[in-house]
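Trainee: Would you be able to build a 3D model of this:
(one chain, ligands or ions: 4)
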Amino acid sequence: MLIDLHTHTTASDGLLAPAALVQAAHAAGIELLAITDHDAIDAYATLPAPPPGLTLVGGIELSTAYNGSGVHVVGLNLALHSDALAQALATQREARSARAERIAERLHKRGIAGALAGAARHADTAAIGRPHFAAYLVEIGACVDAEAAFRKYLARDLAPAAAWPPLPTIVGWIRDAGGVAVLAHPGKYGLTRKRLDELTGAFRAAGGEALEVVSGLQRPDVTRDLASLAERHGLALSAGSDFHQPGQAWAALGRLAPLPVTGRRVWELWQ
Ligand code: AMP
Ligand code: MN
Ligand code: MN
Ligand code: MN
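Mentor: Numbers count the residues shown, from 1 in each chain. Ligands and ions are numbered 1, 2, ... in the order given. Just a heads-up that it's a prediction; the model follows:
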């Protein structure tokens, strides 16, 4: 079964509108799809019924702070109209908007004017994220591309602990909404093995149930390492591309390194 349980749309920092994403996923042969926009579920509000053969599960990617760093938790199979999720969305939207102001102030001090309005324009109806600031920095010629904008202006000193709620709060919201919490792209936090093991333990203790052992295309040894981490902590296995836009070969829809042959699949937790 071809799956993709981590994708973005224009409801956060993705480039495809929700309906276009579902269409592209169907064309790619995906049978089980989750749209997991950053701190938002608006994509689901505008979607027609999925085409035959494609099952869509309610999803989100929530931002949290762990030990002063930003960490992402994917929530899957959520009840999209629950009170818990409504509270999560309101809190995260407020946090994003306050953070956007802080980022704009910092950019202003570094000689970049108009960043808040510029980022808001790129975000359109979505809440502002760092990629929208990156798009503005590229637009005004301050940086050659988003990668450079992150390196120079957006990667460091974002004080995630001041912006995002702690891990137990985030995982609690997902569980209260009837969902399964998945620790997203564990290889992308730049943590040592020991620190990643601690994070995974804290995630499990907070009620987390799965680990995203496959994030797009990755080397087999990476999958093996993460699968053994999942097994040590009694977590199920999840996989997703983290698709944001066409043309990124390492994060294309449904193009995933294979899951290990053994180990409980995350969708078995709700099927
Ligand atoms: P935010 O949710 O506002 O903190 O923005 C995080 C998003 O920025 C991630 O989900 C990626 O889509 C994007 N991102 C993070 N690091 C980079 C980078 N180095 N270059 C380009 N995009 C990045
Ligand atoms: Mn993103
Ligand atoms: Mn993420
Ligand atoms: Mn993502």
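Trainee: hey, let's count contacts and neighbours off CA atoms from now on
Mentor: OK.
Trainee: Buried residues in the helix or strand bottoming out on mean pLDDT in the chain, which are they?
Mentor: Here the helix or strand of the chain ranked lowest by mean pLDDT, DSSP states H and E is helix 160-163, holding a mean of 80. By 16 or more other Cα atoms under 10 Å, the buried positions in helix 160-163 come out as 160, 163.
Trainee: and if you look at stretch 13-22?
Mentor: 13-19, 21-22.
Trainee: and it, how far apart are its ends?
Mentor: 16 Å (Cα to Cα, to the nearest Å).
Trainee: and what of stretch 178-195?
Mentor: Note: stretch 178-195 ends 29 Å apart using Cα to Cα.
Trainee: quick one: is that stretch near ligand 1?
Mentor: No - under the criterion of Cα under 6 Å from any ligand atom, ligand 1 is not reached by stretch 178-195; the shortest gap measures 9.4 Å.
Trainee: same thing with stretch 208-215?
Mentor: No - figure legend: stretch 208-215 not in contact with ligand 1 (Cα under 6 Å from any ligand atom); closest approach 12.6 Å.
Trainee: now that stretch: mean pLDDT?
Mentor: For stretch 208-215, mean pLDDT rounds to 98.
Trainee: same check, this time on stretch 73-82
Mentor: 97.
Trainee: Just the C-alpha atoms of it, please, in CSV.
Mentor: Taking C-alpha atoms only, stretch 73-82 is exported to CSV below (Å, rounded to 0.1, in the frame of the first residue of the first chain):
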residue,chain,number,x,y,z
VAL,A,73,4.7,16.4,16.3
VAL,A,74,2.4,15.1,13.7
GLY,A,75,-1.2,14.2,14.8
LEU,A,76,-3.0,11.6,12.7
ASN,A,77,-6.6,10.4,12.6
LEU,A,78,-7.8,13.4,14.5
ALA,A,79,-11.4,14.4,15.1
LEU,A,80,-11.2,17.7,13.2
HIS,A,81,-14.1,19.3,15.0
SER,A,82,-13.1,18.5,18.6
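Trainee: In that stretch, which residues are buried?
Mentor: Buried residues in stretch 73-82 (16+ other Cα under 10 Å): 73-80.
Trainee: show me the contacts for the residue of the chain positioned farthest from its centre.
Mentor: The outermost residue of the chain relative to its centre, with distances by Cα atoms, centre = their mean, is Gly111 at 30.4 Å. By Cα atoms under 8 Å, 6 or more residues apart in numbering, the contact list for Gly111 is empty.
Trainee: per-residue confidence at the closest residue to ligand 1 within the stretch 151-271 of the chain?
Mentor: Residue of the stretch 151-271 of the chain nearest ligand 1, by Cα to the nearest ligand atom: Arg151 (6.4 Å). pLDDT recorded at Arg151 is 94.
Trainee: Rounded mean pLDDT for the longest strand along the chain, please.
Mentor: Longest strand in the chain, counting residues (DSSP state E): strand 55-66. Here strand 55-66 scores 97 as its mean pLDDT.
Trainee: Next, the buried residues of the following helix or strand past the least confident helix or strand of the chain.
Mentor: On the C-terminal side of helix 160-163, the closest following helix or strand by DSSP states H and E is helix 167-176. Burial within helix 167-176, assessed by neighbour count using 16+ other Cα under 10 Å, is assigned to 167-168, 170-175.
Trainee: just the angle between helix 167-176 and strand 55-66, please?
Mentor: 160 degrees (axes from the mean of the first three to the mean of the last three Cα atoms, to 10 degrees).
Trainee: Please report how far Val171 lies from Pro51.
Mentor: 31 Å.
Trainee: same check, this time on Phe243
Mentor: Taking Cα to Cα, one finds Phe243 at 20 Å from Pro51.
Trainee: between the two, which one's more packed in?
Mentor: Phe243 (29 against 12; other Cα atoms under 10 Å).
Trainee: residue contacts, the residue of the stretch 101-250 of the chain found nearest ligand 1?
Mentor: Going by Cα to the nearest ligand atom, ligand 1 is nearest to Gly129 of the stretch 101-250 of the chain, at 3.2 Å. Shown in contact with Gly129 (Cα under 8 Å, 6+ apart): 12-13, 96, 100, 123.
Trainee: What distance do you get for it to Thr46?
Mentor: Applying Cα to Cα to Gly129 and Thr46 gives a distance of 21 Å.
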